[in-house]
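> Any chance you can model this:
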Amino acid sequence: MRLLCALILMLLAIGDAAAGEAVLVENASRSTRCAEEDNVYVKFVARGIRRLTIEATHPTYLAAIGEDSMAPDFAHCDMSHDPSVPETPKDVVLFEDADYRLVGHSFARFWRPAEASFRVDSVVTEHLHLVQLLRKLPGQEMGSRAIEILVVYPADGYWRLKPLPPAGLAETGYGSSFLIGPIEEEGRPFVRLRSIAFDRSALAFHLAFVSGDGELRIVEATAERTRLAVTLPPHPDARPFAALRSMFVSDEIADAAKARLTGTSAGLVTPWPILYFPAMEVRSAEFVRDLPSRHNRSAPDLRFADFGQ
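As a prediction, this is how the structure comes out:
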């Protein structure tokens with residue numbers, strides 16, 4: 001009997017380890033009528049977390065969406081008071097091989113100065129606001145095509161992620177964004193990056209934060225999912241180390257409508273309205289839509305999991 005109890009405890013411990021560490025999720029979201037505003041703000045808080053995974057998958061209703069809708073919707077939006085820092089526009093191919101293309105852009109204006117440099121091998125490019133990673137796929141009628149799977153905004157540390165489109169669909173859109181690293185507040189949340197370096201051999205982005213170094217590595221990029229393995233610099237105190245940024249106006253106008261939170265009890269998954277769930281400890285969190293949105297209809301669900309020290 002003692003041996004059986006010991007075995008059960010050991011198996012439970014192994015299961016807990018496999019599920020990852022528990023972290024605190026804090027909901028700082030608020031309501032809005034503007035479909036271009038990131039009013040959803042979910043923070044992941046813990047002491048010493050250095051590893052996590054982030055995964056993008058298609059919404060469950062994707063096969064039945066009909067016509068997609070990815071055009072911006074500025075109805076009920078007032079962005080006249082947003083900060084605006086001028087820059088010289090440019091577009092540059094940072095890297096290209098048979099499978100991937102990496103493209104950088106500078107806009108005429110952005111809300112923060114573009115201070116982080118971007119390096120590929122020995123070539124350093126400054127003042128980029130947006131970097132797109134595209135995966136090249138063979139086409140049937142139009143030849144090869146390049147599909148975006150990930151973007152990063154070096155000036156404020158925002159990332160977007162999506163899977164490759166499924167068979168029969170030419171493209172899908174982005175929706176929610178996420179932050180990784182030491183999160184600061186300056187009118188809106190952001191992550192201050194000193195530099196980013198792209199490593200093609202590992203399909204990884206090496207990240208130099210103000211408090212240390214990290215990495216974001218692509219471990220899968222398929223029509224089923226795009227999955228990232230993230231490492232972060234050590235931090236001894238409990239602070240936000242990652243965050244979801246998204247939009248919710250209503251169930252029919254949303255990039256994320258529900259939070260599916262897996263608690264510390266094995267197998268316990270609690271669905272919550274995205275604006276109204278309380279702070280709680282979780283081992284994973286998934287941000288989804290059950291109903292097709294009129295805005296960014298094909299945008300993916302995002303899952304944060306595998307937290308570790």
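> And the spatially most central residue of the chain, how close does it get to Leu244?
Residue closest to the mean C-alpha point of the chain, counted by C-alpha atoms, centre = their mean, is Phe178 at 3.7 Å. The gap separating Phe178 from Leu244 is 6 Å, by C-beta to C-beta, to the nearest Å. All C-beta spots, glycine's among them, are computed from the backbone N, C-alpha and C.
> Residues in contact with both of the two, list them for me.
Between them, Phe178 and Leu244 share these contacting residues under C-beta atoms under 8 Å, 6 or more residues apart in numbering: Leu302, Phe304.
> ok so, going back, now the helix or strand where the residue nearest to the centre of the chain lies: average pLDDT?
Taking DSSP states H and E as the criterion, the element that holds Phe178 is strand 177-180. For strand 177-180, mean pLDDT rounds to 98.
> which helices and strands does it pack with?
Contacts defined by 3 or more C-beta pairs under 8 Å, 6 or more residues apart in numbering; DSSP states H and E place strand 177-180 against strand 51-57, strand 158-161, strand 189-191, strand 239-246.
> wait, which of those strands is closest to Thr231?
Closest to Thr231 of those, according to C-beta to C-beta: strand 51-57, at 5.7 Å.
> If we ignore the residues flanking it in sequence, what's nearest Phe198?
Of all residues not flanking Phe198 in the chain, Val120 sits nearest, at 4.9 Å (C-beta to C-beta, 6 or more residues apart in numbering).
> ok, that neighbour - contacts?
Neighbours of Val120 in contact, by C-beta under 8 Å, 6+ apart: Leu94, Phe95, Leu102, Ala197, Phe198, Arg200.
> can you rerun that using 6 Å?
Counting by C-beta atoms under 6 Å, 6 or more residues apart in numbering, Val120 makes contact with Leu94, Phe95, Phe198.
> In TSV: the residues you listed, plus pLDDT, distance to Gln132 and secondary structure.
Below are these laid out as TSV (pLDDT from 0 to 100; distance: C-beta to C-beta, whole Å; DSSP: H, G, I helix; E, B strand; the rest coil):
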residue	pLDDT	distance to Gln132	secondary structure
Leu94	98	9	strand
Phe95	98	11	strand
Phe198	98	12	strand
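> With distance to His81 and neighbour count added, can I get those residues in CSV?
Below are the contacts of Val120 laid out as CSV (distance: C-beta to C-beta, whole Å; neighbours: other C-beta atoms under 10 Å):
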residue, distance to His81, neighbour count
Leu94, 33, 19
Phe95, 37, 16
Phe198, 35, 20
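> that older thread, need the per-residue pLDDT for the residue nearest to Phe198.
On the pLDDT scale, Val120 gets 98.
> before we move on, what about Ala63?
For Ala63, the model assigns a pLDDT of 84.
> What separation do you get for it and Pro166?
Distance, Ala63 to Pro166, by C-beta to C-beta: 8 Å.
> need the helix or strand of the chain with the lowest average pLDDT.
The weakest-scoring helix or strand in the chain, judged by mean pLDDT, DSSP states H and E, is helix 2-19 (a mean of 40).
> and stretch 67-76, which residues are buried?
Using 16 or more other C-beta atoms under 10 Å as the test for burial, stretch 67-76 gives Asp68, Asp73.
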